[in-house]
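# can't give you the sequence, but here's the structure:
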């Protein structure tokens, strides 16, 4: 299962080609990276691991922004319908198009122009996710250093615990070496770690609500209500940021042994329901614990000397450190494909046309780490990063799946009534995604100004 996770993650963005057994298409060989060797349980586990990432830390803050538990929970349930629908559509579109990557499916069904747009959104989304990862690592590192080098108020913390001093060495000495290799073999050992860290964090937040965070005065929290309809919709970017599994959905589907649409729908439902449970527990109990005072990173709201929270920070920090190279690898693979096409077109085949070689791979890796590190240190609040990522993620959850559905029903013979219903759902998905992207992008721009 872990090896399959590595295959999917490393292949998602690099492998292209038709899948065998695609309905309505001729039998064609399946690329080696997409060989159907993934069990149903493995698919559920991989989707669960993909979605339970850094977004888990932000759900309590999203509940506060939405105006309370009830409106945020309702928005989450509505989003869950589109989240599951998007995964099912991607499986159907992959079988129709015969492609094994997300961008390949979009380009194959919707045309090369939208395929290029998908690649651009893909890079920007992964770039901002990498920034969020570094920001989360920096915040937890600052708290851990503060615990190891305590200071007595009102004396300020030692200068050496500032993440502007600790995060660059960590990025240069740990994250960069892990990201340079052509393959990310160590990732097969981290899938279990990430899931356990997420479940441990949710359990800690629930227990801390009933026992009371150590060193935190317990006060009654006033009941909140949404300040406006826009505050309710402000939770969408966090939900989109949290459920970051659609980008890998096509590769997961193409690697399944039982590749039927009904089977894929069951896998999608089970995975996202489990994710929704963990996210809801974290969001509800984190918000009820801190109310309007909750931080965009829930762990930053707890005292720095609580041993249970220290363990949660360490687990989550290590998990994010090992996941960051995956985002870099996937984004770099798209840039490498662009490099290959551009170089071959301009100069023909040559040594520098091989994007996996060190002359191309290393500079791209250093550039990616440097840019994301600078952005992580310059952006003052994690919530601003999440707003940007959530807007871009709406393309992968709503807009591109909706467009793929509209195009896919015209490739195969479908009953007229069914086609109308599917096209209508595709249009609704595109419109909802466009609204979320516009609303979250405008809100993020206003906050940055």
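It's in. The shown structure was predicted, so the numbers you read here are calculated from the model rather than taken from an experiment. Residues are numbered from 1 along each chain as shown.
# all the helices of the stretch 51-200 of the chain, residue numbers only.
In the stretch 51-200 of the chain, the helices defined using DSSP state H, counting those that start in this stretch lie at 59-66, 69-97, 102-110, 112-148, 163-170, 176-179, 191-211.
# flag the shaky bits of the stretch 1-150 of the chain, pLDDT-wise.
Within the stretch 1-150 of the chain, the set of residues satisfying pLDDT under 70 comprises 1-38, 148-150.
# hmm, 80 instead?
Applying pLDDT under 80 to the stretch 1-150 of the chain flags the ranges 1-43, 45-46, 48-55, 66-68, 100-101, 139-140, 142-150.
# ok so, going back, name the stretch among the helices of the stretch 51-200 of the chain that sits most buried.
Counting by mean count of other C-beta atoms under 10 Å, helix 59-66 has the highest mean neighbour count of these, with a mean of 27. (C-beta placed from N, C-alpha, C; glycine too.)
# would CSV of the helices of the stretch 51-200 of the chain with distance to residue 259 be doable?
Below are the helices of the stretch 51-200 of the chain laid out as CSV (distance: least, C-beta to C-beta, whole Å):
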stretch, distance to residue 259
helix 59-66, 33
helix 69-97, 7
helix 102-110, 14
helix 112-148, 22
helix 163-170, 41
helix 176-179, 32
helix 191-211, 21
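# residue 233: which of those helices is closest?
When the helices of the stretch 51-200 of the chain are compared by C-beta to C-beta, helix 69-97 sits nearest residue 233, at 7.4 Å.
# roughly how far out does that closest one sit from the chain middle?
Relative to the centre of its chain, helix 69-97 is centred 14 Å away, using C-alpha atoms, centre = their mean, to the nearest Å.
# quick one: contacts for residue 250?
Contacts of residue 250 were listed using C-beta atoms under 8 Å, 6 or more residues apart in numbering, and they are 12, 90-91, 93-94, 99-102, 104-105.
# where's it relative to residue 61, distance?
31 Å (C-beta to C-beta, to the nearest Å).
# likewise for residue 324?
22 Å.
# what about the helices of the stretch 51-200 of the chain, which gets the closest to residue 272?
The closest of these to residue 272 is helix 69-97. By C-beta to C-beta, the value is 5.4 Å.
# and the longest helix anywhere in the chain, what's its mean pLDDT?
Ranked by number of residues, the top helix in the chain under DSSP state H is helix 307-347. Helix 307-347 shows a mean pLDDT of 78.
# and that helix, what other elements does it pack with?
Applying 3 or more C-beta pairs under 8 Å, 6 or more residues apart in numbering; DSSP states H and E, we find helix 307-347 packed against helix 2-11, helix 112-148, helix 176-179, helix 191-211, helix 358-378.
# just how off-centre is it within its chain?
11 Å.
# could you give the angle of it to helix 112-148?
150 degrees (axes from the mean of the first three to the mean of the last three C-alpha atoms, to 10 degrees).
# surely residue 328 touches residue 367?
No: counting by C-beta atoms under 8 Å, residue 328 stays clear of residue 367, with 10.4 Å between them.
# and those two? which has more neighbours close in?
residue 328 (26 against 12; other C-beta atoms under 10 Å).
# ok, how many other residues are close to residue 246?
25.
# who's in contact with it?
Neighbours of residue 246 in contact, by C-beta under 8 Å, 6+ apart: 83, 86-87, 90, 102, 396-397, 401.
# what about 7 Å?
86-87, 90, 396-397 (C-beta atoms under 7 Å, 6 or more residues apart in numbering).
# now do stretch 92-109: distance to the chain's middle.
That offset, for stretch 92-109, works out to 20 Å (C-alpha atoms, centre = their mean).
# and residue 257, how close does it get to residue 102?
21 Å.
# can you pull the pLDDT of residue 230?
For residue 230, pLDDT reads 61.
# wait, I meant residue 156
55.
# how near is residue 51 to residue 246?
9 Å.
# meant to ask about residue 59, not that
Residue 59 is 18 Å from residue 246, by C-beta to C-beta.
# before we move on, what about residue 119?
For residue 119, the distance to residue 246 - C-beta to C-beta - is 15 Å.
# for residue 281, same thing?
Taking C-beta to C-beta, one finds residue 281 at 22 Å from residue 246.
# for residue 255, phi and psi?
phi -100, psi 0 (degrees, to the nearest 10).
# could you count how many residues lie near the closest residue to residue 92 other than its chain neighbours?
Leaving aside its chain neighbours, residue 92 sits nearest to residue 261 (5.7 Å; criterion: C-beta to C-beta, 6 or more residues apart in numbering). Applying other C-beta under 10 Å, we find 14 residues neighbouring residue 261.
# from residue 270, how far out is residue 261?
Distance from residue 261 to residue 270, by C-beta to C-beta: 15 Å.
# same deal with residue 284?
Residue 284 is 21 Å from residue 270, by C-beta to C-beta.
# when those two are compared, which one has more neighbours?
Of the pair residue 284 and residue 270, residue 284 is the one with more neighbours under other C-beta under 10 Å, namely 19 against 16.
# so the more buried one is in which element?
Element membership for residue 284 (DSSP states H and E) is helix 261-290.
# for that helix, buried residues please.
Residues of helix 261-290 classed as buried by neighbour count (16 or more other C-beta atoms under 10 Å): 263-268, 270-272, 274-276, 278-290.
# quick check: angle from it to helix 69-97?
Using the same axes, to 10 degrees: helix 261-290 against helix 69-97 is 160 degrees.
# does anything pack onto helix 261-290? Which helices or strands?
helix 40-51, helix 59-66, helix 69-97, helix 191-211 (3 or more C-beta pairs under 7 Å, 6 or more residues apart in numbering; DSSP states H and E).
# out of the ones you listed, flag the one nearest residue 140.
Closest among the helices and strands packed on helix 261-290, using C-beta to C-beta: helix 191-211, at 11.3 Å.
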